[in-house]
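A.B. asks: okay, here's the prediction I keep looking at, along with the sequence it came from:
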Amino acid sequence: MKHNCKEDQIHFVDDDVDPINFIRNFTKTGIQEQPFFVFEVEDVINKCLEWKEKLSRITPYYAVKCNTNAMVLKVLSNFGAGFDCSSKEEIEQVLSLNIDGSRIIFANTIKQPSHISYASENGVQLITVDNESELYKIKAQHPNAKVLLRIRSDAMVSSHKMGIKFGSDVDSECPILLRLAQTLGLDVAGIAFHVGSVCGEAEAYRRGIILADGLFNLGKSMGLNMRILDIGGGFKGVKGSSIDEMAKIINDALDEYFPPERNVMFIAEPGRYFVASAFTLATLVYSKRVITDGTTNSLSHMYYINEGIYGSFNPIRDYAARLYPIPLVDKESRKNVSCSIWGPTCNARDCIIEKIEFPELNVGDWIAFENMGSYTFTGACNFNGFPITRTVSILKKSSKTHLKNILDWIEEQATSNN
Ligand SMILES: Cc1ncc(COP(=O)(O)O)c(C=O)c1O
């Protein structure tokens, strides 16, 4: 019987084991059939350490929607992060890990009333808003919430502009919303913005901070006690990317516009930054077709793998992200061929890569894709009956000594899995 790896299975590995050679070993017996993610726990730990070093004044509230893996949440919790949740279900998941509601921000500006009252009943105080109807809902369901007014402040370059759906206009809408919130007796605690996912214009953070400064001043003149600034997400997270330029611009702008005497607390909602590079997806080539071009006599190879655009590759297309495929074969012994890579469903759109030069593959070979930690399986569905891909985590043996809290939890998991 073919094996399907167990979620939250932890493998303690030697220090020289990386996800790629882990996958080579894990698949070489031929028993593994299902695709699987390998989560390299150290990668998230290193991101936490980098964040603490470069953006030390800003508490990250990790965007849970990006990757809901329980191990990710637990690692981030141990490093003191908060959590940005979009729905009652995400709040439930975070609370189920014994994380207090006070460490959650309900950062979807459009909320179902029952989700708002759930947040209220479970100690989730921070909540973002960008329109009048939501202010009325909050007044009814969660009158003691700490409300952050989300403003529109898009980067000129990003993979996903948030402003087309979210964020109130600073000049035409925000003054009206602030007045309404005040009339309703709500606690307007501050301002939030999101420059857009995979922000390609670091200056956008400075613009957002300047807009927030103007609104803090307006709020002060109205007698509001604004004290929290949320600079959102947008930080890149793939291997080799850097947050240095963004961190410099953000830190300089905070020094200039929000000096310590202003007593403002800074938070952010990074998603992909923490997880993109930490997950590698392993997929099996389980079928193959070779087509001859009638005119040129050239061959093209179609490889079918067991993950597709209705699964973990679904969001990749929307976000126009690059794919990082690695054929797990001895490249020296295979000639390069022109090929396309397809997903497993009966839908003809289910094509992952239309054209690539790749070593010739056979049925039974594996392809790994790096940088697959953000918005992958959380955006997947089980179209055609294919299940959502599971994750195995790897942790270097030498990290054990530094990770007492995480390990306690891992051991609890292992006990309950047995
Ligand atoms: C409200 C909100 N905060 C944070 C994020 C995370 O953004 P990113 O993954 O670009 O950091 C998102 C992404 O959709 C979002 O909608």
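C.D. replies: Okay, I see it.

A.B. asks: residues near the residue in the stretch 301-418 of the chain that the ligand sits nearest to, how many?
C.D. replies: The shortest separation between the stretch 301-418 of the chain and the ligand is 6.1 Å, found at Ser374 (distances taken as CB to the nearest ligand atom). Backbone N, C-alpha and C define where each C-beta goes, glycine included. Using other CB atoms under 10 Å, the number of residues around Ser374 comes to 29.

A.B. asks: quick one, phi psi at the spatially closest residue to it that is not a sequence neighbour?
C.D. replies: By the measure of CB to CB, 6 or more residues apart in numbering, the closest residue to Ser374 outside its immediate chain neighbours is Arg272, 3.5 Å from it. Reported as degrees, to the nearest 10, the phi and psi values for Arg272 are phi -60, psi -30.

A.B. asks: what do you get for the one 4 residues further on?
C.D. replies: Backbone torsions of Ala276, given as degrees, to the nearest 10, read phi -50, psi -50.

A.B. asks: residues contacting it?
C.D. replies: Neighbour list for Ala276: Lys236, Gly237, Val238, Asn371, Met372, Gly373, Ser374 [criterion: CB atoms under 8 Å, 6 or more residues apart in numbering].

A.B. asks: what sits closest to the most centrally placed residue in the chain if chain neighbours are left out?
C.D. replies: Most central in the chain under CA atoms, centre = their mean is Cys66, positioned 2.7 Å from the mean C-alpha point. Distances taken as CB to CB, 6+ apart place Gly271 nearest to Cys66, at 3.2 Å, with adjacent residues excluded.

A.B. asks: that neighbour: how many residues sit nearby?
C.D. replies: Neighbours of Gly271 under the rule other CB under 10 Å: 26.

A.B. asks: buried set for the helix or strand containing Asp255?
C.D. replies: Following DSSP states H and E, the helix or strand that holds Asp255 is helix 244-257. Of the residues in helix 244-257, those buried by neighbour count under the rule 16 or more other CB atoms under 10 Å are Met246, Ala247, Ile249, Ile250, Asn251, Ala253, Leu254, Tyr257.

A.B. asks: which among the residues you listed gets closest to the ligand?
C.D. replies: For these, with the ligand as the reference and CB to the nearest ligand atom as the criterion, the closest is Met246, at 11.1 Å.

A.B. asks: got the contact list for the residue nearest to Asp293 when sequence neighbours are not counted?
C.D. replies: On the basis of CB to CB, 6+ apart, the spatially nearest residue to Asp293 that is not a chain neighbour turns out to be Ser300, at 7.0 Å. With contact taken as CB under 8 Å, 6+ apart, Ser300 is in contact with Val290, Ile291, Asp293, Val337, Ser338, Cys339, Ser340.

A.B. asks: swap in 10 Å and give it another go.
C.D. replies: With contacts taken as CB atoms under 10 Å, 6 or more residues apart in numbering, Ser300 has the following neighbours: Arg289, Val290, Ile291, Thr292, Asp293, Val337, Ser338, Cys339, Ser340, Lys355.
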